[in-house]
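Novice: Structure of the sequence below:
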Amino acid sequence: MRPRLTRLALLLCCFLLEGTSPADVCSDLRATKTATYGFRPTKLSKGERDKKNSAMDGFWKQATKTPAASAPCLRAMISQEQQDVFFLFDAAQLLLTLDQSRDSLASVQDGLLRTDLEEADLAAYLYWSQRLALTGTDIGPIGLKYLRCKKPDAYIVQHALKVDRSLGALFLFGAMDPKVGDKYLVTALSTSEPPEVRYAAAFALTTLLTEESFKALHQLDTHDFPPALQARVRDVLTWKKVEPSKSPEFTREQIIARLRQLPDLGTAASEAEGRSLDEATLALLKPEDIGELYAARSRSMRLSDEALYDYFDLTKLILGLINRHDLYREYRSHS
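Specialist: Residues are numbered from 1 along each chain as shown. This next block holds a predicted model:
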């Protein structure tokens, strides 16, 4: 029997056939990086930025020609970079498109975490951070970095969507496993944080709806919060009776199967079918099924107004299921 080549050996063969070794690829990429980066976008004129954008496109094209060799090279450059904070942002984006191995995802996280948000396009920062979250990576520290930044407002051109601190935090923490994200948001409720950070964290917790969220909101002093946020916290903490449908049109198994397909359901449900699904969800899902709703909601989060509508629709179902089974009752009012 002929011995099998390992994946590494196959890659090396490809490099040799192309006449380029991984070391040569990395050396060339480093040279291009030195010639291209080392600037701060906010210090450039429009003409200078256009030239730099063209040069950065060249850097990306060069890396994408040999992704197997470029990925470890980018990981090393991100790890070693101590001054060029804009390069960290751009390299993290590039690496995420080339490779999603554990090492690369950790490097992307490092790059985004050390990015200077005053130099970054915040819409792009939210987009790439969210993409990282959707790989299952814990972006809690990145979410807190955004939550605490001085100028959090962004504009999503494709959807004509204005994003403020609260909405941006929702886009990031909403894409995470809520039982991971809630712990970061709870730390942002500290009275040592600026009021605007505390408000945004509290708002996000009213949507996550985990046990930790209810516990934190139950203990939270909201007397100095904006009236609308106070009302939202009270509403979430108040139990409401749910009358489940006595003749659901879907089975529990069908509902769970559909949740596991999100966000790729194919044909969208009609309005009538959607109502029937919601009624069946509240009637048939058990307390142990709430994780299916959490996971479907996180997977469905994207940087768009349509995704927000879906997020809040699923949040409404989660709260309905919590009310239906009276979960986390020790943290909620029953008056």
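Novice: got any ranges where the stretch 101-250 of the chain has weak pLDDT?
Specialist: Nowhere does the stretch 101-250 of the chain drop to pLDDT under 70.
Novice: what's the offset of stretch 52-69 from the middle of its chain?
Specialist: Computed by Cα atoms, centre = their mean, to the nearest Å, the chain-centroid distance of stretch 52-69 equals 25 Å.
Novice: again with stretch 257-268
Specialist: Worked out by Cα atoms, centre = their mean, stretch 257-268 lies 20 Å from the chain centre.
Novice: Restrict stretch 104-116 to CA atoms and write it as CSV.
Specialist: C-alpha atoms of stretch 104-116 as CSV (Å, rounded to 0.1, in the frame of the first residue of the first chain):
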residue,chain,number,x,y,z
SER,A,104,-6.8,32.0,13.3
LEU,A,105,-10.0,32.8,15.1
ALA,A,106,-8.0,33.6,18.3
SER,A,107,-5.7,35.8,16.2
VAL,A,108,-8.7,37.6,14.7
GLN,A,109,-10.1,38.2,18.2
ASP,A,110,-6.7,39.6,19.3
GLY,A,111,-6.6,41.9,16.3
LEU,A,112,-10.1,43.3,16.8
LEU,A,113,-9.6,43.7,20.5
ARG,A,114,-6.5,45.8,20.0
THR,A,115,-8.0,47.9,17.2
ASP,A,116,-8.2,51.6,17.8
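Novice: mind listing what's buried in that stretch?
Specialist: S104, L105, S107, V108, Q109, D110, G111, L112, T115 (16 or more other Cβ atoms under 10 Å). Any C-beta I mention is one placed from the backbone N, CA and C, and that applies to glycine too.
Novice: ok, now which ones touch the fourth one?
Specialist: V108 is in contact with I78, A92, L95, L96, W128, L132, T137, counting by Cβ atoms under 8 Å, 6 or more residues apart in numbering.
Novice: 10 Å instead, please
Specialist: Applying Cβ atoms under 10 Å, 6 or more residues apart in numbering, we find V108 in contact with 74-75, 78, 88, 91-97, 99-100, 128-129, 131-132, 135, 137, 139, 142.
Novice: How about the third one?
Specialist: S107 is in contact with 71-72, 74-79, 88, 91-92, 95-96, 99, 101, counting by Cβ under 10 Å, 6+ apart.
Novice: now it: how far from T32?
Specialist: 19 Å (Cβ to Cβ, to the nearest Å).
Novice: before we move on, back to that, out of the contacts of V108, which are buried?
Specialist: 74-75, 78, 88, 91-96, 99-100, 128-129, 131-132, 137, 139, 142.
Novice: Tell me how far L293 lies from L308.
Specialist: 17 Å.
Novice: and these two? which has more neighbours close in?
Specialist: Under the criterion of other Cβ atoms under 10 Å, the comparison of L293 against L308 puts L293 first, with 24 against 18.
Novice: so the more buried one sits right up against K286, yeah?
Specialist: No: applying Cβ atoms under 10 Å, one finds L293 not in contact with K286, separated by 11.5 Å.
Novice: Identify the contacts common to the two.
Specialist: Common neighbours of L293 and K286 (Cβ under 10 Å, 6+ apart) are L321.
Novice: need the contact list for the residue positioned nearest the centre of the chain.
Specialist: Central residue of the chain (Cα atoms, centre = their mean): Q130, 2.8 Å from the mean position. With contact set as Cβ under 10 Å, 6+ apart, Q130 has these partners: 139, 142-143, 168, 171-172, 174-176, 301-303, 307.
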